[in-house]
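S.K.: What would the 3D arrangement of this be:
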Amino acid sequence: MDPLSTLPTTPTKPNPWALLPLWVFLVSYVVVSILAGDFYKMPITVAFTLAAIVSVWMSKGKNLTEKIEFFCKGAADANIMLMVLIFIMAGAFAQTTKDMGAVDSTVNLTLYLLPQSLLVPGLFLAACFVSISVGTSVGTIVALTPVAAGIAAKTGVAPALMAAAVVSGAMFGDNLSFISDTTIVATRTQGCRMKDKFRTNFRIVLPFAILSTVLYFIIGKSNGVSYTAGQVNWLHVLPYLAVLVAAISGVHVMLVLLGGTIFAGMIGIITGGFNLWGWTGAMGSGITGMGELIVVTILAGGMLEMIRINGGFDWIIQKMTKKTNSVRGAELSIAGLVSFANLCTANNTIALIMAGPIAKEIASRFKIPANRSASILDIFSCFVQGAIPYGAQLLMAAGLAKLSPIAIMQYLYYPYLLGVGALFAIWFGYPKKSHRKTDRKKEIVSV
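M.R.: This is a model prediction of the structure:
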């Protein structure tokens, strides 16, 4: 299904009260957790449920049946359902590889290959490479977080630091990959070629990826790493290698995870890691472990739809663009628009779908090149997505590493630098070439 088919077809009246569900969520989850001093006191599923109930209750001009139907439409959006399926397969793959011994062998292999002082920056660069190949930050986090946690357990490096290196690298690739949903939506809504957006995007983010590598080297080195690598079972490493090769070859992420799960299960049975029922048990356990993430994703999709049809996003757009009178101001409006949408939805693809058409209107009005507006959209959506504690990336990394999202956030150097650096790029008009007037023929979408 075309992701653009979910865009609103009729205008809605701007309404600030439509944003009430967002405030209910922020108060019930973020504020309550801060006051309690523990982000596990208020389950995020309960906070989203409260916000979802409010979003249905406050809708005007519809009966209860119609309100629920609109909510279900948002919850069952094609992008939401695809994410749910990915979460299911990711859970099955992660637990299967863990139970058959792939994580331990991969940890040992990593310890053999990387010098002690390069473990943390090496993991960051590995996550960058995997994510730009796979095109999904979630898949990268699923594959590498168990490895990172295993390395941390053997070396004494802070688990939160290792998990943050993975999340940071995953967001690098999510922002740049040609097969990433965010890249596809950003370029399609702005009407530019992927390679043009990539060139502009890459020039903006590269300095901050290098700086992040240096920071991870300094912090990782100060941890006083000391370890002895164990034996590597190459058969156990093969599922990860197969998944990486398939991803680089352009295979769909669902097929990658499905094939990886089957391959890992077969190796586990052959090597005696588990029997058939042990394998099915591992898959079931992994899928069940993704339950909270799936519930949050569905509830967020439904709440987003209710905010949209009640005019919440239209109100924000109206307020953000009312006094814009320069290219710099227009670019800041685009950045703020997609950032706010991402804060509301905790899903960068959906945020781009919502903000993309409005960003296109702003870009056309102020003659901002399509590759420039697409880059700004994608960068700020990935910056917010990689930094919020209730986003899928941090929730999954925290779950796999058995940590709090807040513990990981203190080491997320790349997402923070990405956001600050992108603001500097807007302020100083960097890179200069992207500000030149584009040839309209080059704005034809080529995916």
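S.K.: now residue 81: how far from residue 186?
M.R.: Going from residue 81 to residue 186 by C-beta to C-beta, to the nearest Å gives 21 Å. Using the backbone N, CA and C atoms, a C-beta is placed for each residue, glycine as well.
S.K.: more neighbours, the two?
M.R.: Between residue 81 and residue 186, residue 186 has the larger neighbour count (other C-beta atoms under 10 Å), namely 34 against 15.
S.K.: mind checking the SS state of that one?
M.R.: Of the three states, residue 186 takes helix according to DSSP: H, G, I helix; E, B strand; the rest coil.
S.K.: Quick check, pLDDT for it.
M.R.: Looking at residue 186, its pLDDT stands at 83.
S.K.: wait, what's in contact with it?
M.R.: Listed by C-beta atoms under 8 Å, 6 or more residues apart in numbering, the contact partners of residue 186 are 197, 352, 356, 374, 375, 377, 378, 381.
S.K.: What about those, which are in strands?
M.R.: If you go by DSSP state E, these have nothing in strands.
S.K.: of all those residues, which comes closest to residue 112?
M.R.: residue 378 (36.1 Å; C-beta to C-beta).
S.K.: how close does the closest residue to the closest one other than its chain neighbours sit to residue 176?
M.R.: Among residues not flanking residue 378 along the chain, residue 186 sits closest, at 4.3 Å (C-beta to C-beta, 6 or more residues apart in numbering). Between residue 186 and residue 176 the computed distance is 11 Å (C-beta to C-beta).
S.K.: Show me which helix runs longest in this protein.
M.R.: If you go by DSSP state H, the chain has its longest helix at helix 194-221.
S.K.: Quick one: list the elements packing against it.
M.R.: Using 3 or more C-beta pairs under 8 Å, 6 or more residues apart in numbering; DSSP states H and E as the contact test, the elements touching helix 194-221 are helix 119-134, helix 159-176, helix 181-190, helix 370-385, helix 413-428.
S.K.: now it and helix 119-134, what's the angle there?
M.R.: Interaxial angle of helix 194-221 relative to helix 119-134 (axes from the mean of the first three to the mean of the last three C-alpha atoms, to 10 degrees): 160 degrees.
S.K.: Quickly find the element holding the closest residue to residue 274 other than its chain neighbours.
M.R.: Distances taken as C-beta to C-beta, 6+ apart place residue 268 nearest to residue 274, at 5.1 Å, with adjacent residues excluded. Taking DSSP states H and E as the criterion, residue 268 maps to helix 253-271.
S.K.: And the next helix or strand past that helix?
M.R.: Following helix 253-271 in sequence, per DSSP H and E, is helix 276-289.
S.K.: how much space between the residue nearest to residue 378 and residue 193?
M.R.: For residue 186, the distance to residue 193 - C-beta to C-beta - is 12 Å.
S.K.: go on, residue 174?
M.R.: 19 Å.
S.K.: and if you look at residue 338?
M.R.: For residue 338, the distance to residue 193 - C-beta to C-beta - is 20 Å.
S.K.: So the two - more neighbours on which side?
M.R.: The neighbour comparison of residue 338 against residue 193 (other C-beta under 10 Å) goes to residue 338, with 28 against 18.
S.K.: Just want the angle from the host helix or strand of the more buried one to helix 181-190.
M.R.: Counting by DSSP H and E, the element that carries residue 338 is helix 327-345. Calculated by the same axes, to 10 degrees, helix 327-345 forms an angle of 130 degrees with helix 181-190.
S.K.: That concludes my questions; thank you for your assistance.
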